[in-house]
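> Sequence and computational prediction follow.
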Amino acid sequence: MKKRRSLVMVILVLVVSASIAGGLYYKRVTGSESTDDIIYIEPETAYRTFADILAHETFKNKVVYVDFWFTACPYCAKEFKAMPALKEHFKAEKDLVFLYLGKDRRIPGEKFRWKKMIANKNLTGAHYFMSIDQYRSIWEETVKDPTVTPGFPHFLIVNREGTIIDDDAPWPSDPELITVLKGVLASP
């Protein structure tokens, strides 16, 4: 009986410890702040439009490559693997910014998964977490081609003036993207 109580106490201590550790990890990840390489755009009130997002100081007079994604998207994760080579190609280019628009799926802990994936995949650039309603609204605002079905991943290119010049841009794994971005960056 005494051994059984001791075993129950050990299990209880382990469960409580794991719960506390898990909670602390969750808090650390969801509360993570921007760094020089990973910028979280988290205004006190949510942006209503894509133009609001582009008004952020990070994007002023910059060419912006935009990536619509969500945490459970296998194609998004596959394209993340192509990003380091793309960024390496443009590492000296200070006028190119990568903007990742993550979508909430209304699943508990989604923001935790979003930030955890950004850290694990080392997705350098700017990040904004959109509600489902924001996603719908921003999609309608940015993708004017009616033949493009809303889906993930999806990419846009915005010029220095804040104008979307390609609402169905090449994916990071497409070699054509380098040529397209060079062309946009060469324009004043």
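Done, it's in.
> just checking, H127 is part of a strand?
Yes - assessed with DSSP: H, G, I helix; E, B strand; the rest coil, H127 lies in a strand.
> Reduced to three states, what does the closest residue to it other than its chain neighbours come out as?
Among residues not flanking H127 along the chain, Y100 sits closest, at 4.8 Å (C-beta to C-beta, 6 or more residues apart in numbering). Any C-beta I mention is one placed from the backbone N, CA and C, and that applies to glycine too. Three-state call for Y100 (three-state DSSP): strand.
> Can you list the strands that the helix or strand hosting I39 pairs with?
Following DSSP states H and E, one finds I39 within strand 38-40. Strand 38-40 sits in its sheet next to strand 125-130 (parallel), going by DSSP bridges.
> What is the helix or strand that comes right after the strand it pairs with packed up against?
Using DSSP H and E, the helix or strand that follows strand 125-130 in sequence is helix 132-142. On a contact count with 3 or more C-beta pairs under 8 Å, 6 or more residues apart in numbering; DSSP states H and E, helix 132-142 meets helix 50-54, strand 63-69, strand 96-103.
> Report the mean confidence score over helix 132-142.
Helix 132-142 shows a mean pLDDT of 92.
> repeat for stretch 83-90
Taken as a whole, stretch 83-90 carries a mean pLDDT of 97.
> Contacts for it, please.
For stretch 83-90, contacts defined as C-beta atoms under 8 Å, 6 or more residues apart in numbering pick out L96, F98, K121, N122, L123, T124, P172, L177, I178, L181.
> now those residues in a markdown table, with pLDDT?
Formatted as a markdown table, the contacts of stretch 83-90 follow (pLDDT from 0 to 100):
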| residue | pLDDT |
| --- | --- |
| L96 | 98 |
| F98 | 98 |
| K121 | 94 |
| N122 | 93 |
| L123 | 96 |
| T124 | 96 |
| P172 | 98 |
| L177 | 98 |
| I178 | 98 |
| L181 | 98 |
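> of the residues you listed, buried ones?
For the contacts of stretch 83-90, a burial check counting by 16 or more other C-beta atoms under 10 Å picks out L96, F98, L123, T124, P172, L177, L181.
> so when I look at the last one, I'm seeing a strand, right?
Just to be clear, that refers to L181. No - with three-state DSSP as the criterion, L181 is helix rather than part of a strand.
> mind listing what the residue most central in space within the chain touches?
The centroid of the chain falls nearest to Y100 when counting by C-alpha atoms, centre = their mean (3.6 Å). Going by C-beta under 8 Å, 6+ apart, Y100 touches V66, D67, W69, I118, L123, G125, A126, H127, Y128.
> which one of the residues you listed is nearest P43?
Taking C-beta to C-beta as the measure, P43 sits nearest to Y128 out of the contacts of Y100, at 8.9 Å.
> Next, the buried residues of stretch 135-152.
The neighbour-count check on stretch 135-152 (16+ other C-beta under 10 Å) flags Y135, S137, I138, W139, T142, V143, F152 as buried.
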